[in-house]
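Enquirer: coords below, sequence missing:
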């Protein structure tokens with residue numbers, strides 16, 4: 001291996017030291033030649049006539065023939081960066097870059113080519129070689145992994161999107177990350193490849209294992225949650241969706257605790273999915289300004305951005321979004337401790353299409369940021385949601401003045417806003433277009449402020465008050481008188497509201513109130529003291545009174561007289577309601593009840609169900625009697641005879657038996673679709689033939705906790721009711 005081999009080939013003279021080592025060099029050189037567009041020299045195979053000629057001479061002769069024919073002037077000057085002892089230079093003299101010249105070390109390949117081989121050149125291919133007579137063997141094939149990233153980058157960017165790139169991405173993590181780092185505008189696509197092509201449905205594109213995929217609203221959507229959210233999956237999604245126009249919507253909920261989502265994964269999405277329109281990131285602490293800046297610089301079509309509990313995002317990242325994403329229409333920021341006023345100011349001034357803005361629990365944001373954004377985006381901003389923020393009356397005054405386009409407003413947990421803030425917001429008359437208003441846990445909401453809001457929001461249709469402990473009956477009645485367009489009113493945990501306030505609101509609400517909901521209002525007492533003559537509210541269609549312990553028989557009777565047009569009634573959890581109060585409501589209703597929920601009304605009996613079936617059987621579609629322990633088979637008999645349009649029936653935890661189920665199955669025109677018998681301990685396997693008969697129309701059946709129904713009965717029902725989902 002240390003001897004000098006001399007071979008004369010025409011005018012070319014080859015002198016080579018250490019043929020074993022330089023054979024490796026030539027092989028390494030051959031790896032790069034195809035990328036020059038010159039072809040691989042081994043494709044022009046040379047078969048020597050003399051079998052005793054060494055393998056080294058054969059390889060060198062092939063290379064000489066190739067170089068002489070193609071007249072190579074340089075070899076990979078841009079892709080390969082050699083240095084020091086490994087310099088590979090093009091044209092001219094090589095002497096200055098290398099060792100003192102020794103003529104025995106020069107390969108003369110032609111008048112325009114100089115190739116210099118140093119005496120102790122470092123090997124670049126580690127595969128061992130074996131020389132045996134005229135046979136050249138390689139124990140291990142040279143791997144393409146010896147190519148530097150720059151070479152692979154140039155190769156990959158010339159590949160068409162789709163199957164080829166997906167296949168390459170499966171080779172290794174290195175290749176996947178390289179492919180995901182190529183921007184769409186860096187890809188070199190031929191004219192033929194650029195034409196639209198039909199994607200073969202049989203080809204499974206690499207797109208991230210265990211990720212959820214859908215195409216809602218025309219967007220290709222991916223969702224990663226918990227341990228499934230990693231950079232590798234994001235890179236796979238980026239590469240796999242490139243052939244289908246790129247990702248349109250990305251949702252990330254949480255992150256893998258050991259190898260979760262970082263800027264690297266989001267950067268891959270940014271480079272490969274420039275058409276991304278919706279990005280939602282929740283609970284990812286390692287997602288920082290750098291990753292958000294990558295998204296901003298590449299995804300100029302971004303329309304919706306949600307950042308929830310991303311502590312590494314600051315004003316810098318938000319400013320980059322403002323500067324690069326002019327189409328942003330929706331922004332949600334929650335529990336991002338490093339975002340402050342500057343970021344919101346930039347969004348307000350740079351995003352003229354912003355329509356939705358929600359912010360919660362961002363300690364560095366104050367009046368300056370909120371007021372600046374609202375005032376700057378006053379012409380486009382339609383929905384505002386502010387929760388648990390350290391803002392004052394100033395912000396509400398700005399919202400009241402500049403919220404000219406606002407239709408939906410949510411204010412929650414604003415402890416520093418006083419009565420004056422709500423009063424000013426209502427009296428500035430800037431909220432003329434507000435249709436929905438939700439106020440939760442705001443101490444500044446009083447009778448005075450609520451009345452001012454009603455006068456300032458002339459088109460208000462929906463009001464929801466939660467945990468507003470300073471609103472009394474007087475404020476509620478005054479609001480009802482001023483809000484002439486109100487259609488829906490919800491009161492939850494407003495403990496100063498009494499039965500007098502509810503009746504006064506119903507009387508003075510005008511002719512448009514359709515929905516009234518009262519939840520957990522502990523101030524309601526079942527008393528008639530101090531009540532006055534009231535006018536019926538004929539517009540009300542839906543009444544819900546839930547978990548109000550003081551709302552009993554007297555209260556229900558009074559409300560029933562005021563609401564003759566009721567269609568939907570929900571009294572769930574009202575244990576104080578009895579037959580005495582419920583029957584007047586049934587008798588006073590003139591249009592017919594459609595949906596009735598009486599779950600956990602433990603004092604109701606068969607008398608109520610019988611009256612309901614007789615008076616409203618022609619309209620009743622849904623009846624919930626879950627937990628009504630006094631309901632027996634008698635109720636089911638009457639239902640089977642009168643409720644022709646009943647579709648949903650729940651008699652869970654009641655006193656019905658097999659006889660009641662049999663009565664239902666004998667109904668001539670009953671077409672039940674949902675039947676719940678859960679917790680009916682008196683129903684046994686004897687009901688199976690009746691349930692089978694009901695199963696002709698059933699789509700859902702619950703027989704959970706029916707202890708007398710055996711597993712064999714369940715198997716029988718599952719086998720025969722193939723159209724029905726059975727819970728057992």
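Expert: Noted; the coordinates are in hand. Just so we're clear, the structure is a prediction, and the values are computed from it rather than from any experiment.

Enquirer: which residues sit against whatever helix or strand residue 584 lives in?
Expert: If you go by DSSP states H and E, residue 584 is part of helix 579-588. Applying Cβ atoms under 8 Å, 6 or more residues apart in numbering, the contact partners of helix 579-588 are 552-557, 559-561, 563-564, 566, 569, 593, 603-605, 607-608, 611-612, 615-616. To be clear about C-beta, it is placed using only N, CA and C from the backbone, and glycine gets the same treatment.

Enquirer: let's see 7 Å
Expert: By Cβ atoms under 7 Å, 6 or more residues apart in numbering, the residues outside helix 579-588 that reach it are 552-554, 556-557, 560-561, 564, 604-605, 607-608, 611-612, 615.

Enquirer: same deal with stretch 472-487?
Expert: 446-447, 450-451, 454-455, 458-463, 496-498, 500-501, 504-505, 508-510, 512-515.

Enquirer: pLDDT on that stretch, on average?
Expert: The average of the pLDDT scores along stretch 472-487 is 94.

Enquirer: And for stretch 422-429?
Expert: 94.

Enquirer: Return the set of buried residues in it.
Expert: 422-426, 428 (16 or more other Cβ atoms under 10 Å).

Enquirer: so which of the residues you listed comes closest to residue 362?
Expert: Closest approach to residue 362 among the buried residues of stretch 422-429 (Cβ to Cβ): residue 425, at 21.0 Å.

Enquirer: any idea how far the closest one is from residue 488?
Expert: Residue 425 sits 21 Å away from residue 488, taking Cβ to Cβ, to the nearest Å as the criterion.

Enquirer: ditto for residue 258
Expert: Noted for residue 258: a distance of 48 Å to residue 488, by Cβ to Cβ.

Enquirer: Those two: who's more crowded?
Expert: residue 488 (17 against 7; other Cβ atoms under 10 Å).

Enquirer: Residue 509 is in contact with the more buried one, correct?
Expert: No. Residue 488 is beyond contact range of residue 509, at 10.7 Å (criterion: Cβ atoms under 7 Å).

Enquirer: In contact with residue 559: list those residues for me.
Expert: residue 543.

Enquirer: Poorly predicted segments of this structure, please.
Expert: 1-145, 149-150, 153, 155-173, 176-218, 242-245, 528-533 (pLDDT under 70).

Enquirer: okay, now the domains of it?
Expert: With domains defined by automatic domain parsing, the chain comprises 5-145, 592-728.

Enquirer: Is residue 439 in a helix, a strand, or coil?
Expert: strand (DSSP: H, G, I helix; E, B strand; the rest coil).

Enquirer: Tell me what it is bridged to.
Expert: Residue 439 has the following beta-bridge partners by DSSP bridges: residue 411, residue 465.

Enquirer: correct me, but it touches residue 470?
Expert: No. The pair residue 439 / residue 470 is not scored as a contact, 11.2 Å apart, by Cβ under 7 Å.

Enquirer: who's more crowded, the two?
Expert: residue 439 (23 against 17).

Enquirer: State the number of residues packed around the closest residue to residue 339 other than its chain neighbours.
Expert: Excluding the flanking residues, the one nearest residue 339 by Cβ to Cβ, 6 or more residues apart in numbering is residue 362, at 5.4 Å. For residue 362, the tally of surrounding residues (other Cβ under 10 Å) stands at 25.

Enquirer: Could you measure from residue 362 over to residue 484?
Expert: Residue 362 is 37 Å from residue 484, by Cβ to Cβ.

Enquirer: Restricted to strands, list the buried residues of stretch 422-429.
Expert: Members of the buried residues of stretch 422-429 lying in strands (criterion: DSSP state E): none.

Enquirer: quick one: which of those residues sit in helices?
Expert: Among those, the members found in helices (DSSP state H) are 422-426.

Enquirer: and those as a markdown table, adding distance to residue 581?
Expert: Putting those into a markdown table (distance: Cβ to Cβ, whole Å) gives the following:
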| residue | distance to residue 581 |
| --- | --- |
| 422 | 37 |
| 423 | 39 |
| 424 | 44 |
| 425 | 40 |
| 426 | 38 |
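
Enquirer: where do the contact lists of residue 439 and residue 470 overlap?
Expert: What both residue 439 and residue 470 touch, as defined by Cβ under 7 Å, 6+ apart, is the set residue 445.

Enquirer: Between the contacts of helix 579-588, which sits nearest residue 625?
Expert: Using Cβ to Cβ, residue 604 comes nearest to residue 625 of the contacts of helix 579-588, at 8.0 Å.

Enquirer: That closest one touches residue 628, doesn't it?
Expert: Yes. Using Cβ under 7 Å, residue 604 is in contact with residue 628, at 5.5 Å.

Enquirer: Give me the common contacts of these two.
Expert: Joint contacts of residue 604 and residue 628 (Cβ under 7 Å, 6+ apart) are residue 598.

Enquirer: For residue 331, give its distance to residue 674.
Expert: From residue 331 to residue 674 the distance is 41 Å (Cβ to Cβ).

Enquirer: neighbour-wise, which of these two wins?
Expert: residue 331 (26 against 17).

Enquirer: now the strands for the stretch 551-700 of the chain?
Expert: Per DSSP state E, counting those that start in this stretch, the stretch 551-700 of the chain carries strands over the ranges 568-570, 595-597, 622-624, 648-650, 674-676, 700-702.

Enquirer: got CSV for those strands, with distance to residue 235 too?
Expert: Formatted as CSV, the strands of the stretch 551-700 of the chain follow (distance: least, Cβ to Cβ, whole Å):
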stretch, distance to residue 235
strand 568-570, 50
strand 595-597, 49
strand 622-624, 49
strand 648-650, 47
strand 674-676, 45
strand 700-702, 42
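
Enquirer: Tell me which of those strands approaches residue 284 most closely.
Expert: With Cβ to Cβ as the measure, strand 700-702 is the member of the strands of the stretch 551-700 of the chain nearest residue 284 (38.2 Å).
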